[in-house]
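Undergrad: Generate a structure from the sequence data that follows.
(one chain, ligands or ions: 1)
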Amino acid sequence: MSLLVPRFVTTAERPTPELLARAAHIAERCGLPLRRRNGSMRRTAGAAACYVVGKQREALWSPTASIFVHEGMTLARAADGLDHPLVRAVAPQGRASRIADGTLGLAQDALHLAMALDAEVLAAELSPVVFSLCEEGLPRLAHDSPVAEAAARITPRLGDSATVFAGEPDDSFDAVLVSPMFTQPDRAPVGYEAFRGAAVHEPLGEATVAEALRIAPRLVIKARAGEPVPPSLEGRRRQVLRGRALEYWVVEREGA
Ligand SMILES: C[S@@+](CC[C@H](N)C(=O)[O-])C[C@H]1O[C@@H](n2cnc3c(N)ncnc32)[C@H](O)[C@@H]1O
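TA: As a prediction, this is how the structure comes out:
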């Protein structure tokens, strides 16, 4: 699968001054040009991917999909309660009130954990494009959606997970989740190319592992079955919980 990197930022048709100001802010943050909207998105963007500041929501547009933050499968996943393997990995005793998420993405895991555990979630996202989607999308969901309370409990931060975690006190979280981009993109859903083009593809780094195990006694890594173990986890004892398609690797702080 090819990467469809976002090329510019644009707005809805006939933008208000507020919409234009928000688009200019995102363009600067992402280091992308701001392009005037020219009729339909097809006409404005052609085959390119771009960030659209719309009137109802913001999206990462490409010819195959419009990607934005939404409730997704949160209600269905949270209906499994404490039995869901992600929840069991993060909170084996069924309790966790403070969780850190080092790879926010489109906030699907953060919403799930916030809802299933009634937890506050501090979440880092390194891609300014993906962060901007969450910066707009989470308050929108918190204002009016079936996952409003969960969305309101998520605090997104723009930055590298290791740096964001470094600003937190020792033992201030019950668990940390990281869900790096999968190394084999071939099984990604249709329309996912633009997300892959905007996301940061880096294996889990040693600094993130060290900071995670300083701020929490447990680190959970979401991986696909067969995913290679990154060098940052080599030599660390790992417990593996298997879901239907995914695995959750649990690394505990030594002596925890
Ligand atoms: C597979 S996605 C996460 C999906 C997310 N768990 C969800 O439920 O939507 C990985 C995300 O982590 C981000 N990322 C990668 N490395 C990062 C880092 N070092 N710090 C913060 N975010 C990072 C990527 O840009 C991408 O958005």
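Undergrad: host element of Glu211?
TA: Remark: Glu211 resides in helix 206-215, with elements defined by DSSP states H and E.
Undergrad: near the ligand, anything from the helix ranked longest in the chain?
TA: Using DSSP state H to define each element, the chain has its longest helix at helix 128-143. Yes. Counting by CB under 6 Å from any ligand atom, the ligand is contacted by helix 128-143 at Val130. (Each C-beta comes from the backbone N, C-alpha and C, glycine too.)
Undergrad: which residues sit against the helix or strand just after that helix?
TA: Where DSSP H and E defines the elements, the next helix or strand beyond helix 128-143 is helix 148-152. With contact meaning CB atoms under 8 Å, 6 or more residues apart in numbering, helix 148-152 is reached by 74, 78, 107, 111, 114-115, 138-139, 141-142, 145.
Undergrad: Which strands border whichever strand or helix holds Leu241, and is each parallel or antiparallel?
TA: In this structure, Leu241 is located in strand 239-242 according to DSSP H and E. Taking DSSP bridges as the criterion, strand 239-242 sits next to strand 246-252 (antiparallel) in its sheet.
Undergrad: what about Ala59, which helix or strand?
TA: Ala59 belongs to strand 58-62 when elements are defined using DSSP H and E.
Undergrad: Please see if that strand touches the ligand.
TA: No. Strand 58-62 lies apart from the ligand when judged by CB under 6 Å from any ligand atom; the minimum separation is 11.0 Å.
Undergrad: Run through the neighbouring helices and strands of that strand.
TA: With contacts defined as 3 or more CB pairs under 8 Å, 6 or more residues apart in numbering; DSSP states H and E, strand 58-62 has these neighbours: helix 41-45, strand 49-53, strand 65-67, helix 128-143, helix 193-198.
Undergrad: distance between the second one and the chain's centre?
TA: Spelled out, it's strand 49-53. Using CA atoms, centre = their mean, to the nearest Å, we find the averaged C-alpha position of strand 49-53 to lie 18 Å away from the chain's own average C-alpha position.
Undergrad: what does the strand holding Leu241 contact?
TA: For strand 239-242, the external contacting residues (CB under 8 Å, 6+ apart) are 85, 88-89, 225, 247-252.
Undergrad: who's in contact with the spatially most central residue of the chain?
TA: When the chain is reduced to its mean C-alpha position, the nearest residue by CA atoms, centre = their mean turns out to be Gly105, at 1.7 Å. With contact set as CB under 8 Å, 6+ apart, Gly105 has these partners: 125, 130, 179, 195, 199.
Undergrad: ok, and the most crowded of those?
TA: Neighbour counts for these were taken using other CB atoms under 10 Å; the highest belongs to Glu125, which has 29 neighbours.
Undergrad: My guess is that one contacts Thr155. True?
TA: No. Using CB atoms under 8 Å, Glu125 is not in contact with Thr155; the gap is 11.3 Å.
Undergrad: Residue ranges in the stretch 51-200 of the chain under the pLDDT threshold?
TA: In the prediction, the stretch 51-200 of the chain carries residues with pLDDT under 70 at positions 185-188.
Undergrad: the domain parsing of the chain - what is it?
TA: Recorded structural domains for the chain (assignment: automatic domain parsing) are 6-67, 74-252.
Undergrad: Just the terminal-to-terminal distance for the shortest one.
TA: It refers to domain 6-67. Terminal residues of domain 6-67 are spaced 12 Å apart (CA to CA, to the nearest Å).
Undergrad: And stretch 86-95, by the same measure?
TA: Taking CA to CA as the criterion, the two ends of stretch 86-95 lie 13 Å apart.
Undergrad: now do stretch 241-251
TA: Criterion CA to CA; first-to-last residue distance in stretch 241-251 is 11 Å.
Undergrad: Any residues of the stretch 1-150 of the chain in contact with the ligand? List them.
TA: Of all the residues in the stretch 1-150 of the chain, those in contact range of the ligand (CB under 6 Å from any ligand atom) are 102-103, 105-109, 124-127, 130.
Undergrad: ok, those residues vs Arg238, which is closest?
TA: Distance to Arg238 across those (CB to CB) is lowest for Gly102, with 16.8 Å.
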